[in-house]
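A.B. asks: Fold the following.
(chains A, B, C and D)
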Number of protein chains: 2
Amino acid sequence: MATLSDVARRAGVSPATASRVINGSSKPVTDELRERVLAAVAELQYVPNAHAQLLARSHRSAVGVIVHDVSDPYFAEITRGLQRVATDQGRLLMICNSYRDPDRELEYVELLRGHQVAALILAGSGYHDEAFTRQLNEKLTAYEATGGRVAVIGRHEHSGDAVMPDNRTGGYLAGRELCGLGHRAIGVVAGPRILTTTTDRLAGLRQALTEQGRELPERRIRYAEFDRDGGAEATARLLDADPELTAIVALNDSMAIGALATLRARGLAVPQQVSVLGFDDMPIARDVTPALTTVRLPLVDMGVRAMSLVLGVGAPTPRVEVLPAELVRRDTAGPVPPPTRATAGSAPRARRGDTTS
Amino acid sequence: MATLSDVARRAGVSPATASRVINGSSKPVTDELRERVLAAVAELQYVPNAHAQLLARSHRSAVGVIVHDVSDPYFAEITRGLQRVATDQGRLLMICNSYRDPDRELEYVELLRGHQVAALILAGSGYHDEAFTRQLNEKLTAYEATGGRVAVIGRHEHSGDAVMPDNRTGGYLAGRELCGLGHRAIGVVAGPRILTTTTDRLAGLRQALTEQGRELPERRIRYAEFDRDGGAEATARLLDADPELTAIVALNDSMAIGALATLRARGLAVPQQVSVLGFDDMPIARDVTPALTTVRLPLVDMGVRAMSLVLGVGAPTPRVEVLPAELVRRDTAGPVPPPTRATAGSAPRARRGDTTS
DNA sequence: TCCCTGCGGGAAAGGGCTTTCTCTGCGGTA
DNA sequence: TACCGCAGAGAAAGCCCTTTCCCGCAGGGA
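C.D. replies: Presented below is the predicted three-dimensional model:
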C-alpha cells in the first residue's frame, strides 16, 4: 500500500504539505505543489490509512450502535432513523448485532469503545438479569466518564438518555381493542420472558383485561423466540392447549405472521374464527393477508430521536423521551364469533365477510 | 481514556510487558506480573485503542462488504451467509449500504481500503454503465495489487472470483412455468433497467417465451424500483395499459408483494384471474397469502461461498461459482383462466380453488 | 536601509500500540 | 572458577498520519 510519504516523495514535497493538500487543510498551498500532490495521489492510487488518521486526529466522529439484529424489520426501521441523522451530520455508523446475547452485547460495548466512537446507542429490549444489567451499566458509566455519550432505545436499565416506546400502553391498547370486540378467551404469543419488552407489553395487556373484568392466566401465554417461527410454534402450543381461543395477541409482528401461518395451516379463518393482533407495525404488516391489525410504534422516529439526543448538546439531567403507541386497525381483528361455532379444525373454512356484523 | 502506559505504570511494569499480558503473547511473563497487569486493567477499565492496534499490527483481518441494502431481505440472507463464515474465522465484517448508488459504491471501496480490510466483497447487481464499471475495476485491481482479495456476488463486471446466481435460468424457469400453465398475456414487473440482474432475468424469461412461440414485447414490461412500492406501482401501470394480462412476473419477491397488493386493491383474484411469480424466494414469500410461487436462489449459500473464496487460499485463475435457480411452486400461479372471464375489476371476486383443474 | 509582518513550506513531535532487539541475572556445564 | 545459554523483563523502533512549531523569504512601512 502506498503511504503518504510515498506520495510526498513522488511529488517532491514534504509529507506535511501532502497531508494538507489531501485533507483540504486551511493552511494555503500553492497551486503548483497542489497539482503535483494530486497527480501523485492519482498515480499511486493512494488511499489514506484510516487507522493512522483516526489515531493522529484525536477527534472522535463515528457512532456505535448495538441492536439485536439489523435484518429484523423492527431494527431495520430504527436503524433507518439513526442513519438519517448520522448521515446529515457526516457521521459514520458502526452497527453491531448482538443477536440477543447479553455477553455479546457487553463485548460490543468494549469493541466500540476501543474503536473510539463518539457515542453509543443501544437499541432493543433490556433483560431481566441483575448481574448483566450491573455489568452493562458499569461499562457504560466508564465510557461516559471518558466523554462518551450514551443513549438507549427501549431499555430501562441505563440511567442516561433514553428513547422509550410506550410498550405498556401499546399492550393496553391491544387488550382494550379485543375486549371491545367481545373477546374473552385471549391467548398471548409472547417473546422471551427475560426481555423487558415482553413483560412491559404483557403488563399493559393484562391491565386492560383486568379493567374489563377479564383475566390473563399464565396458561394462556406462550413464550418463544421473537420471530416468525417462534410465533408459529407458540401459536400451535396455545391452540393445542386451548382450542376455544377466539383471539391471539402476538407481542410483535413477526410472531403475528407466524401465528397467521399456523392458523392458516389449521384451517382457522382470521378474523372470523380467531382474531390476531400484532405489535410494532413493521412494513410487511400491511401486506400479509388479511392485513395485520397491530400496535404501531414510531420506529424510524425512535431512531431519529436517539441519534439526536446523542449528537446534540449534553444535558445535565438524563432525558427520557417516551414515544406513544397507537392502534392500527386492519383486517385481522374482528368481533368474537358466536359461541356456537364448530370446533376448531373440523369446521369448514369460513370466508372473509361471513361474520361481518 | 486510559492508555497502555497508564496500565503499565500502575502495574509497575513496562508497556511491553503489559501488552504481552493483554494480548496473550507467546512470550512468557511471570504470574506475579501478569496478576498486577490484569488488576490494573480492571481498575482502569482499560480498553485498547483499536486504531492504534490495527496500525501497529501489520496483518489485516477485517473484511469489507458492500451491498445495496442490508435491510432488504435479499441482502440480509446473503449477509447471513457471509457472517457465518466470517465469525467462524474470527473476522470482523464491515458492511456498507450503497443503496444502489454507483458513486457511493466507489466511495465505499476506497473507504474500506482505507480501513485496511483483508478482503472486499461486493454483492448485488452490476450496472450497465461502462464508465462506472471501468472505474470500479480500476479500484478493485489497485486494491488487489496491494494484496487484497476481492469477490463479487452476482455481478459480471469484475474479472476475479465470483459467485453468480443463475439469474438467466431462473427467468427461464419462470417463463416455462407460465407457458406450461397456458399463459400468453404475460406482463413483467421489472427492476431498474440499468441493473444487470434485471436484464439477465428478463433475458431468460424472454428465451422461454420465445421457445414456446410466445413473445415478450416491451409494452408488457414496466421498470421500477426493486422494492415493494416499485412493484405495486409498476403493476398498476401494467394493468392500466393491458387489462387482459393473465400473469405477472415480478423480478424479485419484494416487487411481487407489491404486485399482490395492487391486484388485491383492484379485486383481481390470485391466481384465479391473474397468476403472479416472484423471484429470490426470500423468507416472507411463504407467508403472504396466497403463498408466493417464486424462483429460489440459494442466498445464504451465496454468502457462504463468497466469503469462503475470499478467505481461502488464492487461486491463480479467477473462480466463478454459478449457483442454480430453482422454481418453488406455491399458490400464486395457476392455469390461465378461461378466455370468457369478465373484465378485470368488475368481476366478482373468485375464490381459491374455483378454477382448480 | 532596516524591521516587521505574513505567507508558504518543512521538521518534528506526538497519537497508542506491537514487536524486535537488547540487557540482566540465573542455573548449569566444562 | 569461567563461560554459555536462556528465561524474563525493558528500551526503543516503528506503524502512518496530523498538526504544531519554526524558518526563510518577500514585500511594505518607517
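A.B. asks: can we go C-alpha only for contacts and neighbour counts from here?
C.D. replies: Will do.
A.B. asks: For stretch A:266-280, what does the pLDDT average out to?
C.D. replies: For stretch A:266-280, mean pLDDT is 97.
A.B. asks: Only C-alpha atoms, please: export that stretch in PDB.
C.D. replies: Output of stretch A:266-280 as PDB, limited to C-alpha atoms (Å, rounded to 0.1, in the frame of the first residue of the first chain):
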ATOM      1  CA  ARG A 266     -55.100 -25.400  10.700                       C
ATOM      2  CA  GLY A 267     -57.900 -24.000   8.600                       C
ATOM      3  CA  LEU A 268     -58.900 -21.400  11.200                       C
ATOM      4  CA  ALA A 269     -60.200 -18.300   9.500                       C
ATOM      5  CA  VAL A 270     -58.900 -14.900  10.500                       C
ATOM      6  CA  PRO A 271     -60.600 -12.900  11.800                       C
ATOM      7  CA  GLN A 272     -63.900 -14.900  11.600                       C
ATOM      8  CA  GLN A 273     -62.800 -17.600  13.900                       C
ATOM      9  CA  VAL A 274     -59.800 -16.200  15.500                       C
ATOM     10  CA  SER A 275     -58.600 -12.600  15.700                       C
ATOM     11  CA  VAL A 276     -55.000 -11.800  15.700                       C
ATOM     12  CA  LEU A 277     -53.200  -8.700  16.900                       C
ATOM     13  CA  GLY A 278     -49.600  -7.800  16.200                       C
ATOM     14  CA  PHE A 279     -47.200  -5.300  17.600                       C
ATOM     15  CA  ASP A 280     -44.800  -2.800  16.100                       C
END
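A.B. asks: That stretch: how far from the chain's middle?
C.D. replies: 25 Å (C-alpha atoms, centre = their mean, to the nearest Å).
A.B. asks: Just confirm yes or no for it near chain B.
C.D. replies: No. Remark: stretch A:266-280 sits outside contact range of chain B, by C-alpha under 8 Å from any C-alpha of the partner chain, the gap being at least 12.0 Å.
A.B. asks: One more: stretch A:287-300?
C.D. replies: Yes. For stretch A:287-300, a contact with chain B is found by C-alpha under 8 Å from any C-alpha, at A:287-290.
A.B. asks: quick one: which of those is nearest residue B:54?
C.D. replies: residue A:287 (46.0 Å; C-alpha to C-alpha).
A.B. asks: one step back: quick check: of the residues of stretch A:287-300 next to chain B, which has the highest neighbour count?
C.D. replies: Ranked by the number of neighbours (other C-alpha atoms under 10 Å in any protein chain shown), the residues of stretch A:287-300 next to chain B place residue A:288 first, at 22 neighbours.
A.B. asks: which residues touch it?
C.D. replies: A:257, B:287-289 (C-alpha atoms under 8 Å, 6 or more residues apart in numbering or on different chains).
A.B. asks: Is it possible to get JSON lines of these that adds distance to residue B:189, secondary structure and pLDDT?
C.D. replies: Formatted as JSON lines, the contacts of residue A:288 follow (distance: C-alpha to C-alpha, whole Å; DSSP: H, G, I helix; E, B strand; the rest coil; pLDDT from 0 to 100):
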{"residue": "A:257", "distance to residue B:189": "26", "secondary structure": "helix", "pLDDT": "97"}
{"residue": "B:287", "distance to residue B:189": "21", "secondary structure": "coil", "pLDDT": "91"}
{"residue": "B:288", "distance to residue B:189": "18", "secondary structure": "coil", "pLDDT": "92"}
{"residue": "B:289", "distance to residue B:189": "19", "secondary structure": "coil", "pLDDT": "88"}
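A.B. asks: Can you add distance to residue B:143 and give those residues back as TSV?
C.D. replies: Formatted as TSV, the contacts of residue A:288 follow (distance: C-alpha to C-alpha, whole Å):
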residue	distance to residue B:143
A:257	44
B:287	42
B:288	43
B:289	47
